[in-house]
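K.L.:
I'll drop the sequence and a predicted model, then ask my questions.
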Amino acid sequence: MRENLASVSSQNMAFTDCMKPTDLSTEKKGIKRKNWRNRIGFLLKTKSSQSILHLMRNRPYRPTADDVNQWAQSLDTLLSHKYGKAAFCIFLKSEFCEENIEFWTACEDFRNHTSHKELVSKANSIYEEFIKSEAPKEINLDFHTKNAITQSLHEPTATSFLAAQRKVYSLMENNSYPRFIHSDLYKELCKAARAEGKHIKS
């Protein structure tokens, strides 16, 4: 029982680190992020599902029970939903592998750049943060994929990181995603969404 509470606690604490401060609605404007952590910690002393539901109720948009259920259909469906992606981020933080989703997101953003100057700048930033040996958030890639990225840094294109992104996506799809769907966090989110739906109907 204590292990489950500790797991849910770490997952919910990760929520405040994963989401931007502006994404969290507060009862009083200007409340600091650390105070939110204290409030979440207090909520966890009651029931974990209540703390998650509290967060869901205070967001401008709340996922419905159908939304949360659809996250179990595929990783693509999960990542296409803002709240689903945030929940997956929480889970990856709890497993200490959030660099995978952060790299995937950076690659998505990279493909939206059009000017050569922006591509070069962003490519080098991604390389420094995720690709090079002993990078702060180094991802697990084979030598050939890493080398191809290194060779393209001076003349990057929108597809420079595509092979690496696909490898990381496959890794998440086959490993982290199934664990997320069977995790206590996902079960709690399903319960919270169903409870919120009943509350709205009543």
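P.N.:
All right, it came through fine. Fair warning: this is a prediction, and the values are worked out from it, not measured in the lab. Numbers count the residues shown, from 1 in each chain.
K.L.:
tally of neighbours for residue 154?
P.N.:
When counting by other Cβ atoms under 10 Å, one arrives at 9 neighbours for residue 154. C-beta: built from backbone N, CA, C; applies to glycine.
K.L.:
meant to ask about residue 171
P.N.:
Residue 171 is flanked by 17 other residues according to other Cβ under 10 Å.
K.L.:
Quick check: next helix or strand after the helix or strand harbouring it?
P.N.:
Residue 171 belongs to helix 162-171 when elements are defined using DSSP states H and E. Scanning forward in sequence from helix 162-171 by DSSP H and E, the next helix or strand is helix 177-181.
K.L.:
That next one: which residues count as buried?
P.N.:
177, 180-181 (16 or more other Cβ atoms under 10 Å).
K.L.:
before we move on, the earlier item: list the contacts of the helix holding residue 171.
P.N.:
Residues from elsewhere that reach helix 162-171 (Cβ atoms under 8 Å, 6 or more residues apart in numbering): 75, 100, 103-104, 107-108, 131, 139-142, 145-146, 148-149.
K.L.:
ditto for stretch 118-125
P.N.:
Under the criterion Cβ under 8 Å, 6+ apart, residues 109-110, 113, 152-154, 156-158, 160-161 lie in contact with stretch 118-125.
K.L.:
before we move on, back to that, including distance to residue 62, could the buried residues of helix 177-181 go into a markdown table?
P.N.:
Shown next, in a markdown table, are the buried residues of helix 177-181 (distance: Cβ to Cβ, whole Å):
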| residue | distance to residue 62 |
| --- | --- |
| 177 | 23 |
| 180 | 20 |
| 181 | 20 |
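K.L.:
could you dump these to CSV with distance to residue 168 and pLDDT?
P.N.:
Formatted as CSV, the buried residues of helix 177-181 follow (distance: Cβ to Cβ, whole Å; pLDDT from 0 to 100):
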residue, distance to residue 168, pLDDT
177, 12, 97
180, 15, 96
181, 18, 97
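K.L.:
Closest one of the residues you listed to residue 80?
P.N.:
Minimum distance to residue 80 across the buried residues of helix 177-181 is 13.4 Å, recorded for residue 177 (Cβ to Cβ).
K.L.:
what residues are up against residue 88?
P.N.:
By Cβ under 8 Å, 6+ apart, the neighbours of residue 88 are 78-79, 101, 176-177, 180.
K.L.:
now with 7 Å?
P.N.:
Residue 88 sits next to 78, 101, 180 when contact means Cβ atoms under 7 Å, 6 or more residues apart in numbering.
K.L.:
will you turn those residues into JSON lines that also has distance to residue 122?
P.N.:
Formatted as JSON lines, the contacts of residue 88 follow (distance: Cβ to Cβ, whole Å):
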{"residue": "78", "distance to residue 122": "25"}
{"residue": "101", "distance to residue 122": "18"}
{"residue": "180", "distance to residue 122": "28"}
